[in-house]
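S.K.: missing the sequence, but the structure's below:
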């Protein structure tokens, strides 16, 4: 690296104060010669993250993260040195001189070209929407949804024409190679070897990173179809990771910081409508399961998180998983409860900002939300339902370590559901006792005895069993499997096990096995030791086909389905094909 470049980097460090810069991400308080705050790189309750203004460096005594201004920005935003240089030079009001980077030029060039590809593609789709006859039907669709030309420009909306390769031809003329366009996820290769545009006849929603650069796209069909998924998203690339990005964060970041709260929704139009009505701290999770990375990303900006997912069954399950991940990161989490059959987009258009703000005010905690879900699953009005409901309540409360909090909940719910307090407390003591034994350092779940009855259970359905074995073996990557992991997709003992897996919401196998009940533990161990030599892709493909067959069978059965039941079946189909 040339001396001139080193001098330029030092000039940036001397111009941009590290305390001021890091304060944009982490609230800092002076402590002697340093500034302290909660580390943004790991979960903690007592501040161990230190910033030294004099020497312009940071260090966390909890996780060991440390470095200078550049290292902080690269780590927290997951960007390259060159990208950090551009951000900090702009902050310092300096122009970057020409230099020879020590980093791999090929990697930097590839990222730059993929960014350029996405920028050009966004312009292409935007032009098609606003300036061509082909885009007219997409304009009419968006107008019917209540969006204006100002919205089209603010969110840079576009339209992918119905033709097979319009975008491909456009980008080839701009000097990009077919291989580059394929790597960017903008085209796909067919079995014949021909290349086709990934998005065709869809409204296009550009997805931006925190710096406002286009990194991916989401496309929505204009008319409902049984042959095509409603939403289609870009695949992951070198500049786009679903688990590390949130739709709308580039617009919402400042509002989230100012209000110390974020509202998480499901869809692009939910966020657009919310911002249109002045609810500027709203974002969406890009149509994927909420992940630990999303939770850590949000933690940089706010302490209070509100979940506003659609009020359907799948939405409820996704809400629960998302809340548990957020709470595990030490965030305050509540659920905004929407009326049945409504999403945030519908509700805000009908009730406005004030109506939605009222829902935010009345949002419920994780425990209250779980109790509501338990009441739906186990009808306390019947004897059998009341028994199972009481057991599940006790299991839930057994995980609350705060004695006062636990006692208050027990007393309130015992009175509400006419259950003896001692009945609940006795069950709680039993669950806590079991949990304590399971967590004992001398307890080794690998010596769990698998009886013949349990062995028989894992052989009842090889397709479901193979999928669950794969899930357990790859549990650290659990988000990749959640679109399939719904109880309705399983039969027999597997259905119950899936409910347990979703309730625990952990990506650590040892932790999972230590926490579940004995029956579930035996079933998990039996699945883990069963033989299966199929490739993971084959396992997932077989399970996906099995779900589709189940859905087709239900739709073709001689039953009088309601519109709502048909929609639920179609939603199941869409989730596994998206």
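M.R.: Right, received. Where do you want to start? Bear in mind the structure is a predicted one, so any value in this text is a computation, not a measurement.

S.K.: can you tell me the SS state at residue 54?
M.R.: Applying DSSP: H, G, I helix; E, B strand; the rest coil to residue 54 yields a three-state assignment of coil.

S.K.: list the buried residues for stretch 147-161?
M.R.: By neighbour count with 16 or more other C-beta atoms under 10 Å, stretch 147-161 contains the buried residues 147, 151, 152, 155, 156, 157, 158, 159, 160, 161. Heads up, the C-betas are built off the backbone N, CA and C, glycines and all.

S.K.: just put the residues you listed in TSV and tack on secondary structure, pLDDT and distance to residue 14.
M.R.: Below are the buried residues of stretch 147-161 laid out as TSV (DSSP: H, G, I helix; E, B strand; the rest coil; pLDDT from 0 to 100; distance: C-beta to C-beta, whole Å):
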residue	secondary structure	pLDDT	distance to residue 14
147	coil	95	46
151	helix	96	43
152	helix	96	43
155	coil	97	38
156	coil	97	37
157	coil	98	42
158	strand	98	43
159	strand	98	48
160	strand	98	47
161	coil	97	51
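
S.K.: farthest pair within those residues?
M.R.: 151 and 161 (20.8 Å; C-beta to C-beta).

S.K.: now flag whichever of the buried residues of stretch 147-161 is closest to residue 271.
M.R.: residue 155 (9.0 Å).

S.K.: where does the residue nearest to that closest one when sequence neighbours are not counted land in three-state SS?
M.R.: Excluding the flanking residues, the one nearest residue 155 by C-beta to C-beta, 6 or more residues apart in numbering is residue 272, at 5.8 Å. Per three-state DSSP, the local secondary structure of residue 272 is helix.

S.K.: again, but for residue 50
M.R.: Note that with three-state DSSP, the state of residue 50 is strand.

S.K.: tell me how many other residues surround it.
M.R.: 20 (other C-beta atoms under 10 Å).

S.K.: please tell me how far the nearest residue to it once chain neighbours are set aside sits from residue 377.
M.R.: Nearest non-adjacent residue to residue 50, counting by C-beta to C-beta, 6+ apart: residue 34, 4.6 Å away. Distance, residue 34 to residue 377, using C-beta to C-beta, to the nearest Å: 51 Å.

S.K.: same thing with residue 407?
M.R.: For residue 407 relative to residue 377 (C-beta to C-beta), the value is 25 Å.

S.K.: cool, and residue 174?
M.R.: 55 Å.

S.K.: residue 111 now?
M.R.: 47 Å.

S.K.: kindly report the same for residue 119.
M.R.: Taken as C-beta to C-beta, the span from residue 119 to residue 377 is 48 Å.

S.K.: equivalent analysis for residue 276, please.
M.R.: 36 Å.

S.K.: those two: who's more crowded?
M.R.: When neighbours are counted by other C-beta under 10 Å, residue 276 comes out ahead of the other of residue 276 and residue 377, with 21 against 12.

S.K.: ok, for that one, nearest residue in space, not its chain neighbours?
M.R.: That would be residue 151: by C-beta to C-beta, 6+ apart, it lies 6.5 Å from residue 276.

S.K.: need the contact list for that neighbour.
M.R.: 142, 157, 272, 276 (C-beta atoms under 8 Å, 6 or more residues apart in numbering).
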